[in-house]
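A.B. asks: Build me a model from this:
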Amino acid sequence: MRGDLPMTELILMYLNGEALSLRETERLKIWLSKPEHLKKLETQFKDPNWLVRNLKVNDDVHEIDHWRKFLALLKERGEFLVNTEEDEYEGYESIQERESTERRELTRRIKVWRYAAAAAVVLAVIGGGYWVYHARVAKEPIVAQAPAMQDLAPGGNKAVLTLANGSKIILDSASNGNLAEQGKTKVIKISAGQLSYRLNPINGKPNANSASGDANNEVLYNTITTPAGGQYQVELPDGSKVWLDASSTLRFPTVFDGPRNVQVNGQVYFEVAKDPKQPFVVVSGDKSIAVLGTSFNVNAYTDEPFFAVTLINGAVKVQEGASQETLRPGQQAQVSSGGIRVNDHVNLRQVTAWKDGLFKFYNSDIQTIMREIGRWYNVTIVYEGKIPEDRFTGTMDKSLNASDVLKILALSKVHFRIEGQRIVVMPD
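C.D. replies: Residues are numbered from 1 along each chain as shown. As a prediction, the model looks like this:
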């Protein structure tokens, strides 16, 4: 997977008809949401040298014609730029059939917030839309009233690794390379946000200088913990890959000599290496997930309404006490005091968007959205007055500052105020 390309390159790829990834598409949509960016593009289009150099056009065509063609392209692709992603969701039609007419109409109206800024820019340049965009944004207390210091930076690659002897390594400030030896395993920081456990090549035996203290072949455990506003990736000794969301914990043995048992809290995504002889078991409290080799997401945040396991591919068995359910790809097990419920209608992109650097919501209430935002920006969420009952569908980049995220949300008649390390939610 390629890294983040410069925005100029993404724009040129889009204009030249080249394929963009989901994340690149979202970045472009967000970039186009700002009138000053479109104005910059207009200036470039009026430079014939820029056109010839970048857009593969003939130098005998008047530059203004290309700008008009670009606006026409935006208009033609307007549905692409501001779509509500209903096409992503296989079960959308069946859910809509079960909704009341009133709920369908409310959802349709509220969906306008998704890329509303991008839609406003397109409307602005093809006529008539700028006033609506300007009037709505002008109401926002975040930009007009709050000083710059009130903004909140997004989270990033932050985590603490606790070794078997209790010593701790702050991973975000640690240098790349070998960090420690844990018995038969080396702990290596590959890059910012990525850690790997690899068996020591010296006959598979513990190094004499190892600080792990496993002389009696005791099982050594390490724990990686992300704070609020943190995320991290870990490659386990068996090659399984794990992504940790903000405020999450993974505890695991440094060598898998038997069943591969790990413990989690928070939200964690797994890509488990296949090994039929060593089942992989994820434990969270009194709940367990047994797999052989598969990809799945675990949401075990204690402030969420239920413990959720979402299967991307393969097969898993979810168990709590005497109750158990085996999932098929695309299903989600929801575990609560009422037992295990299997949901067949899951938006998989929504569930896994966090690990791809995106906020993605489908028909979500404001409390669900703000819990995720609170964890990522490490803030407390406070509600003033009645909690809005509207539901939201949309996608935003997690690299945005909090004020930018809140401005997009505020296009749907919900307002926000940043006060230090808390966000106040206010109804319209």
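A.B. asks: what does the strand ranked longest in the chain contact?
C.D. replies: Using DSSP state E to define each element, the chain has its longest strand at strand 260-271. Residues from elsewhere that reach strand 260-271 (CB atoms under 8 Å, 6 or more residues apart in numbering): 226, 236, 238, 240-253, 275, 278-284, 291, 294-302, 352, 354-355. C-beta: built from backbone N, CA, C; applies to glycine.
A.B. asks: again, only using 6 Å
C.D. replies: If you take CB atoms under 6 Å, 6 or more residues apart in numbering as the criterion, strand 260-271 is touched by 241-245, 247-252, 278, 280-284, 295-301, 355.
A.B. asks: Quick check: can you name the pairing partners of that strand and their directions?
C.D. replies: Next to strand 260-271 in the sheet, as set by DSSP bridges, lie strand 241-244 (antiparallel), strand 249-253 (antiparallel), strand 280-284 (parallel), strand 295-300 (antiparallel).
A.B. asks: between the ones you listed, which gets nearest to Asn222?
C.D. replies: strand 249-253 (6.3 Å; CB to CB).
A.B. asks: pLDDT on the closest one, on average?
C.D. replies: Strand 249-253 shows a mean pLDDT of 97.
A.B. asks: cool, stretch 19-37 as well?
C.D. replies: 73.
A.B. asks: just stretch 277-296 next, same as before
C.D. replies: 91.
A.B. asks: hang on, the earlier thing: distance to Arg260 and mean neighbour count added to the strands paired with strand 260-271, as a markdown table?
C.D. replies: Formatted as a markdown table, the strands paired with strand 260-271 follow (distance: least, CB to CB, whole Å; neighbours: other CB atoms under 10 Å):
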| stretch | distance to Arg260 | mean neighbour count |
| --- | --- | --- |
| strand 241-244 | 12 | 22 |
| strand 249-253 | 8 | 21 |
| strand 280-284 | 4 | 21 |
| strand 295-300 | 14 | 23 |
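A.B. asks: what's the closest of these to Ala180?
C.D. replies: strand 249-253 (14.5 Å).
A.B. asks: Just the CA trace of that closest one, in CSV.
C.D. replies: Output of strand 249-253 as CSV, limited to C-alpha atoms (Å, rounded to 0.1, in the frame of the first residue of the first chain):
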residue,chain,number,x,y,z
THR,A,249,-4.4,-2.8,25.4
LEU,A,250,-3.0,-6.0,24.0
ARG,A,251,-1.3,-8.6,26.3
PHE,A,252,0.5,-11.5,24.6
PRO,A,253,3.3,-14.1,25.1
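A.B. asks: Go through the longest strand of the chain and flag the buried ones.
C.D. replies: Within strand 260-271, the residues that count as buried by 16 or more other CB atoms under 10 Å are Arg260, Asn261, Val262, Gln263, Val264, Asn265, Gly266, Gln267, Val268, Tyr269, Phe270, Glu271.
A.B. asks: for the residues you listed, which one is nearest Arg23?
C.D. replies: The closest of those to Arg23 turns out to be Tyr269 (CB to CB; 15.4 Å).
A.B. asks: Can you pull out the low-pLDDT segments for this protein?
C.D. replies: 1-4, 8, 12, 15-17, 33-35, 42, 44-149, 201-217 (pLDDT under 70).
A.B. asks: Got the domain ranges for it?
C.D. replies: What automatic domain parsing lists as the domains of the chain is 7-149, 155-257, 282-354, 355-427.
A.B. asks: which residues in the stretch 101-250 of the chain form helices?
C.D. replies: 101-110, 116-126, 130-138, 141-145 (DSSP state H, counting those that start in this stretch).
A.B. asks: The stretch 301-428 of the chain now?
C.D. replies: Using DSSP H, counting those that start in this stretch, helices in the stretch 301-428 of the chain cover 348-352, 366-377, 402-410.
A.B. asks: Can you check which of those helices gets nearest to Val425?
C.D. replies: Here helix 366-377 is closest among these (CB to CB), at 6.3 Å.
A.B. asks: what does the closest one rub up against?
C.D. replies: Outside helix 366-377, the residues touching it (CB under 6 Å, 6+ apart) are Leu152, Gly155, Ala228, Ala246, Ser247, Phe361, Ile381, Pro388, Ala402.
A.B. asks: The same query, at a cut-off of 8 Å, please.
C.D. replies: 152-155, 228-229, 245-247, 301, 303-304, 354, 359, 361, 379-381, 387-388, 390, 392, 398, 402, 405, 409, 414, 423, 425.
A.B. asks: among those, which ones are buried?
C.D. replies: Among these, those scoring as buried are 152, 154-155, 228-229, 245-247, 301, 354, 359, 361, 379, 381, 388, 390, 392, 398, 402, 405, 409, 414, 423, 425 (criterion: 16+ other CB under 10 Å).
A.B. asks: I'm done for today, thanks for sticking with me.
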